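J.: Here is my input, please return the structure:
(chains A, B, C and D)
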Number of protein chains: 2
Amino acid sequence: MGRSYQQYCGLARALDIVGDRWNLLIVRQLLLGPARNRELMDGLPGVATNLLADRLRDLQAAGVIERQLAPEGNAVVYSLTPWGAQLRGPIDELIRWATPLMTSGPGRDPFLPDWLAVAVPALLNPAPTSESATPEVGLDINGQVFDLRIANGGATIVRHDGRALDATLRAEPTIILGLAAGVLSIDDVHDAIEIDGDEGAVRTAFARRPETTRT
Amino acid sequence: MGRSYQQYCGLARALDIVGDRWNLLIVRQLLLGPARNRELMDGLPGVATNLLADRLRDLQAAGVIERQLAPEGNAVVYSLTPWGAQLRGPIDELIRWATPLMTSGPGRDPFLPDWLAVAVPALLNPAPTSESATPEVGLDINGQVFDLRIANGGATIVRHDGRALDATLRAEPTIILGLAAGVLSIDDVHDAIEIDGDEGAVRTAFARRPETTRT
DNA sequence: CCGCATCCTCATGGATACTG
DNA sequence: CAGTATCCATGAGGATGCGG
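T.: A predicted model of the protein is given here:
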C-alpha cells in the first residue's frame, strides 16, 4: 500500500485506501460482478501481474474486496464486500465528472464493453445532487452540430449555443452511450434510434468535447 | 502528470487527471476558496514544494484550476474552474464512503479545521443516491455504547446492535462533527448539545469504527 | 493454463537546499 | 515567498519463472 497522507480527513483516508494506482479501476471491474484473476487482467490492460496481486492484497486487507475459493476446484474469485460495493457512489460521480473528457472520442485508447456497462447507470441515473456535469454527446444532423443531453433514460437534442432543439432522440442507453463511445455509428443503429419532432436525418454521431463545459 | 491508463472509460480518464497523488487534496483545499501557494502548503502537510508546483501545473493544464495574479502586487492565487468545482460531487461521495475510517478517531494524524469544513456539508447533505454509507459516531452514554447516526441536520442515537434508542441528539453540525473528529469532548460542548427522550447523561463521545459497516 | 512471486529498469515521489 | 534543482528512496511496468 502506498504511503498514508496521515490526515484526519475523510477524503485523505479514503484515498489512503483507494487512491493508489489501479485500485479504483479494480473496483470498477468488480462492480460488474465477482471476477477471477485472469478476468481482472483482461479488463485492466497494462496492469502488471505483481501490481494486481499487490493491490488485491491491499484491498482485501482494507475490507474492500473478498477473496473466495470457488465451490468447485481451486479457482480464486474476487468480489466486493458491501462496503466496497458502496464505492459505486464515488465512482459514478467521477464518471459523470469526466464526461467532457469522453466527448473527444476514444482516440487511440482501447475500449471494452465492460466499461460502458459501468458508465451507463452512472450517466443515466444521475444523482440529483449538486450541479453535476451534464453528459454531452455531439451529433451531426444535416451538417449542423448539436449536443445530445442525456438524462433520465432519454436524450434531448440542443444546439451547440445552448438553445434547445424541438426534437428528442430515443434509444436504448447502450446505444446512446455506444454513440458517445464512437464504437457505434449512426449507420449501425439508425434503426434503433428514433428522433421525434424533427425531420432532419442524423448523419453522424461523434464524441465531442464541449469547451464550454470545461471553462 | 502520471502515466495515463489509456482506457476509453470515464473513470480512467477522470483518474488520469485527478488520480495522481495529492491532486484531490489540492482540490479539497480550493473548495474552501481561492488560495495562495503558501496556504496550500499549510493545508497539505507533508507535500513537497516541487510536487505541489508540479500538481498545480498539471491541474491548470487540465482545466481544473486557474492561476490568477492578484489585483495588487505579484501575488499568485489559485482557484477552481467551474469544471473543477464540480469535483465536489466525487469528493463528497468519497468522504461519505470513508466514514467508517473516521470513527476510529484521529490517532496520530493531524487535524485541521479546514478539512472539517469540507466534511460537514458532505456528511449533513447526503445525496439521496444509491446506498451511501451512513455516517456513524460512537457515543458512550452511562457506559453503554451507542451509534450516532447523522442525517439531514439532525442526529439519531441507536444501539450498537441496530435497535433505535428513543432519543435524539441535537447540536450544531460543527459540534457533531467535532465530536466525531475527537477534537471536541463532551465536557467542551455539553451545553451545546441536547438529548431528548432519554435521561441518561452523555459521558463521552468518541470516534468509533463500526465493524458491521465494513463487513 | 492460472495465480503469483522474483528480478530488473526506469519513472515518479519525497525531502532538502537553493535561486529569482 | 513562489518556485526550481538536486539527490535518494520507492513504486510502476515488463519479463520471466515456478508450483499447482
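
J.: Run the angle between the helix or strand containing residue A:95 and helix B:88-97 for me.
T.: Element membership for residue A:95 (DSSP states H and E) is helix A:88-97. Angle of helix A:88-97 versus helix B:88-97, following axes from the mean of the first three to the mean of the last three C-alpha atoms, to 10 degrees, is 170 degrees.

J.: Helix A:88-97 - contacts with which helices or strands?
T.: Packing partners of helix A:88-97 (3 or more C-beta pairs under 8 Å, 6 or more residues apart in numbering or on different chains; DSSP states H and E): helix A:23-31, helix A:113-124, helix B:10-18, helix B:88-97. The C-beta positions use only the backbone N, C-alpha and C, and glycine is treated the same way.

J.: Try it again at 6 Å.
T.: Helix A:88-97 sits against helix A:113-124, helix B:10-18, helix B:88-97, with contacts defined as 3 or more C-beta pairs under 6 Å, 6 or more residues apart in numbering or on different chains; DSSP states H and E.

J.: Including mean pLDDT and distance to DNA strand D, could these go into a markdown table?
T.: Converted to a markdown table, those look like this (pLDDT from 0 to 100; distance: least, C-beta to the nearest atom of the strand, whole Å):
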| stretch | mean pLDDT | distance to DNA strand D |
| --- | --- | --- |
| helix A:113-124 | 77 | 17 |
| helix B:10-18 | 94 | 11 |
| helix B:88-97 | 92 | 19 |
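
J.: Tell me how far residue A:86 lies from DNA strand D.
T.: 23 Å (C-beta to the nearest atom of the strand, to the nearest Å).

J.: among the helices and strands packed on helix A:88-97, which is the most enclosed?
T.: Comparing the helices and strands packed on helix A:88-97 by mean neighbour count (mean count of other C-beta atoms under 10 Å in any protein chain shown), helix B:88-97 ranks first with a mean of 26.

J.: immediately after that helix, which helix or strand?
T.: From helix B:88-97, the next helix or strand downstream (DSSP H and E) is helix B:99-102.

J.: List the buried residues in that following helix.
T.: Residues of helix B:99-102 classed as buried: B:99-102 (neighbour count, 16 or more other C-beta atoms under 10 Å in any protein chain shown).

J.: What of stretch A:57-76?
T.: A:58-59, A:62-66.

J.: Kindly indicate which of those residues lies nearest chain B.
T.: The closest of the buried residues of stretch A:57-76 to chain B turns out to be residue A:63 (C-beta to the nearest C-beta; 4.5 Å).

J.: who does the biggest helix by length in chain A touch, helix- and strand-wise?
T.: Looking across chain A with DSSP state H, the single longest helix is helix A:49-62. In terms of contacts (3+ C-beta pairs under 6 Å, 6+ apart), helix A:49-62 is packed against no helix or strand at all.

J.: could you give the angle of that helix to helix A:23-31?
T.: Using the same axes, to 10 degrees: helix A:49-62 against helix A:23-31 is 80 degrees.

J.: Provide the angle between the direction of helix A:49-62 and the direction of helix A:10-18.
T.: Using the same axes, to 10 degrees: helix A:49-62 against helix A:10-18 is 130 degrees.

J.: Helix A:49-62 close to DNA strand C?
T.: Yes - for helix A:49-62, a contact with DNA strand C is found by C-beta under 7 Å from any atom of the strand, at A:49-50, A:53, A:56.

J.: which is the next helix or strand following that helix?
T.: Assigned by DSSP H and E, the successor of helix A:49-62 is strand A:65-69.

J.: Pull the number of nearby residues for residue A:29.
T.: 21 (other C-beta atoms under 10 Å in any protein chain shown).

J.: Surely it touches residue A:45?
T.: No - using C-beta atoms under 6 Å, residue A:29 is not in contact with residue A:45; the gap is 11.5 Å.

J.: For chain A, give me the ranges with low pLDDT.
T.: For chain A, the stretches with pLDDT under 70 are A:71-73, A:103-105, A:124-215.

J.: Enumerate the residues of chain A near chain B.
T.: For chain A, the contact set with chain B under C-beta under 6 Å from any C-beta of the partner chain comprises A:6-11, A:13-14, A:28, A:63, A:83, A:86, A:88-91, A:93-95, A:97-98, A:101-102, A:106, A:109, A:111, A:115, A:119, A:127, A:129-130, A:132-133, A:214.
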